[in-house]
Structures are given as structure tokens and as C-alpha cells.
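In: Take this sequence and fold it.
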Amino acid sequence: MQRYFISRLVQSVFLLFGVMLLVFVMVRVTGDPAALMMPREASPEDVEAFREKMGFNDPTLVQFGRFISGAITGDFGNSLHFKTPAMPMVVERLPATVQLALTGLVFAVVVGIPLGLVGGFNPGSAIDNIGRFLALLGQSVPNFWLALIMILYFAVRLRWFPTFGRDEWKSVIMPAFVLGLPVMGQVVRLTRSAVLEIRGEDFIRTAHSKGLMPRTIYTKHVLRNVAIPLVSVIGIQFGYMLGGSIYIEFIFAWPGMGQLLQQSIGWRDFPLVQALAVFTSAIVLGLNLLTDMAYAIIDPRIRYGR
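Out: Next comes the predicted model:
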């Protein structure tokens, strides 16, 4: 198992290095960084002075080495808009994004897994049909459209929830529902298909032939094997929810990293954009690494190289 974990850790480090390389290159292939960061009315002399100050006149390898050393220590420079260090601003927005993503994930798991289990154990039942409909709805309805509809109906018309912001506990319900609905649909479908597949395996028939109680079979054999693909999907989806909630946070004015990224792109605040991109990628890679470890613990075939 130790060898498996070390290999996954090395892969994550190389992937993070690739992300930093990609971020460094993307800032420069979009044009002259100094000209993009400076206001449009800036004179050529001001742009040249800014280019010299930021080190853009140095050789590319020198700039990349400086960027990597700064990224390792969390120093991406000062935000051009706020005139303060970029990384502390990103970390300050992390709790709001984690709250939103975690609430959406809890909703997806609490609703999706029971519906998938009931549907897998009783295919064709009324609850199975409801679960399949919700799964289809969650994976087919555009999130941004659903967010606008919920704001118009539940916030503006019924006044059940706040329209935007993070002022009270009710503020998280609508954005978390919109963010978690596609994940819930995927969890329902995966759980249901896994239960249907596992019920037909030889070891399940053997357990029945031994006279084991159905509850024991479902708890010790079916549910444990269903958890194997669920752990992988839930871990990956949580990383996606942390890094892919930009438009949800923008629509609901949720003060998280996604909203900050959207604003920093509009401000052409490249130090802040770089800090957000690298920090979010590091979190996603860390979550994927933890998911791989949990996957190996649950399924011995993974850690023994099958």
C-alpha cells in the first residue's frame, strides 16, 4: 500500500507542476502581460516601467523560476486591484466556497444514495421511478437557468430565501441545491447501477445459499461494494464543486473563490488570477489524492496492484 500511495503522491506533484507551467504560459500567450495588466489609457512609458518592475523583461526561464519559487511559498505578488498580497485574499474566500460545496455535496449524498439503493433493490418501483426522474433532471437541466428560475420564484416571488449574499443560514440553500443537483443525479444513477450489478454476482448468490439474513447480505456485501465507486465519484465531484462553482457564485453573489476569480479576470488582475488557479488546482489534486487513498483502503485489489 505504501508503494501505491507514494506513486500517487509523485503523480500529484508532477500534475501540480504542470498546472503551474500552464498558468505561467497562458498569462503570456494572451499577449503582453504588462499591456494587459495596465489600464488602457496608460502611456507607453508607464507600460515599460511596469514591465521592468514586474520583471517581464527578464529571460523567460528566469521568470518561470521566480514564479515557481513564489508559488511554492505562496507568494504570487500583490493584487493589482486591491494592492495587497494575492494569496491571503484567496485563502480568505476559501471558507465560503467550502461551505457552499460541502452543503451541496451533503445534499447530493443524503438524497442520492438512498434513492439509488432503493431503486437498485426494487427496480421498477415508484421510488425507483422518482429517483430516475430526479437523476435525469439533475443531469440535463442547465445550472445557470435553474439558478435564475429559483431566484425569480423562491426569492423574488415567495420571499422564502435571500436573493443573494451570505448573510444568514438560508442564503446557502438555493446555491447549494443548484450546485449539488447534477452531483445528486450522478450519485443516484451510479448507486442504482452498482446495486443492480452486484446483486447478480456469484458471492451474493453464495451468501443467499448459506442462509444469511438479507439485511446482513445487503449491509456487509452489497453496500460495501457499492461504496467503492461512490468514494471515487464523490471525491472527484467535491473537487469539481470547489473549483467549478464560478457561475453559481456569480449569480448568487456568493463571496467565494469563484466570484473572486470572475472579478479578477474582469479587472485583469493577473497575480490574483494566478494565485486562484494554482490554489484551486492544489486543492483539487489533494482531494483526488485522498480519494485514491480511500479507494485503496476500501478495495484491497487496488493496493495490491490488480
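
In: Next, the buried residues of the helix or strand hosting Met20.
Out: Using DSSP states H and E, Met20 sits within helix 2-29. Within helix 2-29, the residues scored as buried using 16 or more other Cβ atoms under 10 Å are 4, 8, 12, 15-16, 19-20, 23-24, 27. All C-beta spots, glycine's among them, are computed from the backbone N, C-alpha and C.

In: and if you look at stretch 249-260?
Out: Neighbour count says stretch 249-260 has 249-252, 254-260 buried, by 16+ other Cβ under 10 Å.

In: same deal with stretch 164-183?
Out: By neighbour count on 16+ other Cβ under 10 Å, the buried set for stretch 164-183 is 164, 166, 171-183.

In: And for stretch 136-149?
Out: 138, 143, 146-147.

In: Could you do stretch 50-65 as well?
Out: Buried-residue list, stretch 50-65, by 16+ other Cβ under 10 Å: 50-51, 54, 56, 63-64.

In: which regions of this structure lie under the pLDDT threshold?
Out: For the chain, applying pLDDT under 70 flags the ranges 1, 30-32, 244, 299-306.

In: sec struct for the spatially most central residue of it, please.
Out: Geometric centre of the chain, nearest residue: Tyr240, 2.2 Å, by Cα atoms, centre = their mean. Under DSSP: H, G, I helix; E, B strand; the rest coil, the three-state class of Tyr240 is helix.

In: tell me the contacts of it?
Out: Contacts for Tyr240 (Cβ atoms under 8 Å, 6 or more residues apart in numbering) come out as Val284.

In: Spell out which helix or strand contains the residue lying closest to Leu242 once chain neighbours are set aside, please.
Out: Spatially, and ignoring its direct neighbours in sequence, Leu242 is nearest to Ala101 (4.8 Å; Cβ to Cβ, 6 or more residues apart in numbering). Per DSSP H and E, Ala101 falls inside helix 86-121.

In: which of the residues in that helix are buried?
Out: By neighbour count with 16+ other Cβ under 10 Å, helix 86-121 contains the buried residues 86-87, 89-90, 93, 96-105, 107-109, 111-113, 115-121.

In: ditto for stretch 281-294
Out: Across stretch 281-294, burial judged by 16+ other Cβ under 10 Å covers 281-285, 287-289, 291-294.

In: Show me what that stretch is in contact with.
Out: Here stretch 281-294 makes contact (Cβ under 8 Å, 6+ apart) with 5, 8-9, 12, 15-16, 19, 231-232, 234-236, 238-240, 242-243.

In: same check, this time on stretch 218-225
Out: Stretch 218-225 is contacted by residues 117, 121, 194-195, 198-199, 203-204, 207, 298 when judged by Cβ under 8 Å, 6+ apart.

In: Now do the buried residues in it.
Out: By neighbour count on 16+ other Cβ under 10 Å, the buried set for stretch 218-225 is 218, 221-223, 225.

In: just those residues now: which is nearest Ser69?
Out: The closest of the buried residues of stretch 218-225 to Ser69 turns out to be Asn225 (Cβ to Cβ; 46.2 Å).

In: and the closest one, what helix or strand is that in?
Out: Asn225 belongs to helix 223-243 when assigned by DSSP H and E.

In: which residues touch Phe164?
Out: 151, 171, 252-254.

In: how near is Ser69 to Asp75?
Out: 8 Å (Cβ to Cβ, to the nearest Å).

In: do Ala296 as well
Out: For Ala296, the distance to Asp75 - Cβ to Cβ - is 35 Å.

In: returning to what we had before: could I get the buried residues of stretch 50-65 as TSV with distance to Ala34 and secondary structure?
Out: Formatted as TSV, the buried residues of stretch 50-65 follow (distance: Cβ to Cβ, whole Å; DSSP: H, G, I helix; E, B strand; the rest coil):
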residue	distance to Ala34	secondary structure
Phe50	5	helix
Arg51	4	helix
Met54	7	helix
Phe56	5	coil
Gln63	12	helix
Phe64	17	helix
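
In: could the buried residues of helix 2-29 be laid out in CSV, adding distance to His81?
Out: Formatted as CSV, these follow (distance: Cβ to Cβ, whole Å):
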residue, distance to His81
Tyr4, 44
Arg8, 38
Ser12, 31
Leu15, 30
Leu16, 26
Val19, 23
Met20, 22
Val23, 18
Phe24, 21
Val27, 16
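
In: In these, find the pair that's most separated.
Out: By the measure Cβ to Cβ, Tyr4 and Val27 form the most distant pair in those, at 35.6 Å.

In: Report the inter-axis angle for the helix or strand that contains Pro271 versus helix 86-121.
Out: Secondary-structure assignment from DSSP H and E places Pro271 in helix 270-298. Using axes from the mean of the first three to the mean of the last three Cα atoms, to 10 degrees, the inter-axis angle of helix 270-298 relative to helix 86-121 is 40 degrees.

In: Alright, calling it a day.
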